[in-house]
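Engineer: Provided below are the primary sequence and the corresponding predicted coordinates.
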Amino acid sequence: MGLALTVETFYDSPFIDPSYALAMCDAVKDIGLTLDTATLLSKRVSQAQWGPLFPFLRHVHVADAEIGQSHQVPYGKGGLDLPGLVADLRKVNYAAAISIEYIGPLPVGRTSVAPEPEIVRLRSILEDELAKETSSG
């Protein structure tokens, strides 16, 4: 069993800025990143900006969010390009954890989705996408 130290690209953290996160990974030996797709999208960090972070990923949190809005939405209603994300992860031979991270309703309204059914639905979509990529590669 190994230990991986990661920091998350999360709200109100300097690591939400890809350039800051990348500089930290370059400066601190053996540290990695947990990519939080919904948080990045909600903070207007486009998926096109995530690429330089991929070699440092040790964990990925998958959920969809509207760009610039501070709440999660059902997959397909926001800005997440799941096929693109899976393709990008394959390019760097990513083999670590992928978690579906829909959080329950919060007082600040960060989600407008029932988490349990969305987790089950997105798991099925993600499994299909991963199988597609495997069978075509």
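Structural biologist: Looks like it arrived, so ask away.
Engineer: Could you list every helix and strand that the longest helix seen in the chain packs against?
Structural biologist: In the chain, with assignment by DSSP state H, the single longest helix is helix 115-136. In terms of contacts (3 or more C-beta pairs under 8 Å, 6 or more residues apart in numbering; DSSP states H and E), helix 115-136 is packed against helix 82-91, strand 97-100. In this view, the C-beta of every residue, glycine as well, is placed from N, C-alpha and C.
Engineer: Next up, the contacts around the residue positioned nearest the centre of the chain.
Structural biologist: Against the mean C-alpha coordinate of the chain, by C-alpha atoms, centre = their mean, the closest residue is Thr37 at 3.0 Å. Counting by C-beta atoms under 8 Å, 6 or more residues apart in numbering, Thr37 makes contact with Gln47, Val60, His61, Val62, Ala63, Asp64, Ala65, Leu80, Leu85.
Engineer: now swap in Ile67 and tell me
Structural biologist: Leu41, Ser42, Arg44, Ser46, Gly78, Gly79.
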